[in-house]
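Colleague: structure, please.
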Amino acid sequence: MLTDLQQKKLTHYFNVLDFDKSGTLEKKDFVSIGENLCVLWGFSSSTPEYQASIQRTTNIWTDFHQFIGKSEEEHATLSEWLTFADSMIVNGNEELYIQHVSKVAMEIIDLFDADKDGFLSLSEYLNMFMAYRIEIRHSAKAFENLDKNKDDLISRDELLIAIREFFRSDDEQSPGNWLFGFWEHARWV
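Modeller: Below is the predicted model:
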């Protein structure tokens, strides 16, 4: 069962993914995130890079909607998202959790590691905030919280720790709570 803190953070993340702010998650939300990435990186719609970005974000939707048992064109509610997160990420089987979290970490690095060095710099992390339309004013503090060794980069290992803390921690002081920006005032849909 999700704690109140976990529900707040997961509701915030739902709101981040709900690109059109319709109160549901739909395929078009994930396509819009991909399109936003393409704008940030200057990919025109006729390029292979554009198509690859759209495909990557669409695949995230495909994985999620398969779990909730709906067709790809249907939407997902906050309740369905919280059920998914509770059973698959927060309180689920450890092996499935590790698979899911490793996949999320690799998706974040694949999407936002522009120079392909295997790390996220502050500017690349800012791109994540801009792509998801997360309030940018909290990005520097979030980056600082996630950069555990203070080398001005977020490594895959640091990202995995942050993801674990974001999804599983019930400690309000966990640095990973900042992964997707300031969550404390998440609006309940």
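
Colleague: low pLDDT regions in the protein?
Modeller: Along the chain, segments meeting pLDDT under 70 span 67-68, 184-189.

Colleague: wait, Leu2 sits on Leu82?
Modeller: Yes. Look at Leu2 against Leu82 with Cβ atoms under 8 Å: they come within range, at 6.5 Å. Placement of C-beta: from N, CA and C, glycine included.

Colleague: please enumerate the shared neighbours of the two.
Modeller: Leu10 (Cβ atoms under 8 Å, 6 or more residues apart in numbering).

Colleague: what is the neighbour count of the closest residue to Gly181 other than its chain neighbours?
Modeller: For Gly181, ignoring the flanking residues on the chain, the nearest one in space by Cβ to Cβ, 6 or more residues apart in numbering is Ile134 at 4.1 Å. Residues near Ile134, counting by other Cβ atoms under 10 Å, number 22.

Colleague: same thing with Glu94?
Modeller: Neighbourhood size, Glu94 [other Cβ under 10 Å]: 7.

Colleague: going along the chain, name the helices of this protein.
Modeller: Using DSSP state H, the helices of the chain run over 4-17, 27-41, 48-68, 78-84, 94-112, 122-132, 139-146, 156-168.

Colleague: for those helices, which one sits closest to Gly176?
Modeller: Evaluated with Cβ to Cβ, these place helix 156-168 nearest to Gly176, the distance being 2.5 Å.

Colleague: could I have the closest one exported to CSV, CA atoms only?
Modeller: Output of helix 156-168 as CSV, limited to C-alpha atoms (Å, rounded to 0.1, in the frame of the first residue of the first chain):
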residue,chain,number,x,y,z
ARG,A,156,23.8,5.9,-14.0
ASP,A,157,24.3,4.7,-10.4
GLU,A,158,23.4,8.0,-8.9
LEU,A,159,20.3,8.0,-11.2
LEU,A,160,19.3,4.5,-10.0
ILE,A,161,19.6,5.6,-6.4
ALA,A,162,17.5,8.7,-7.1
ILE,A,163,14.8,6.6,-8.8
ARG,A,164,14.7,4.1,-5.9
GLU,A,165,14.4,7.0,-3.5
PHE,A,166,11.7,8.7,-5.6
PHE,A,167,9.5,5.7,-5.9
ARG,A,168,10.2,3.7,-2.8
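
Colleague: got the contact list for that helix?
Modeller: For helix 156-168, using Cβ under 8 Å, 6+ apart, the contacting residues are 6, 9-10, 13, 85, 89-90, 101-102, 104-106, 108-109, 118-120, 146-149, 154, 171, 174-180.

Colleague: buried subset of the residues you listed?
Modeller: 6, 9-10, 13, 85, 89-90, 101, 104-105, 108-109, 119-120, 146-147, 154, 174-180 (16 or more other Cβ atoms under 10 Å).
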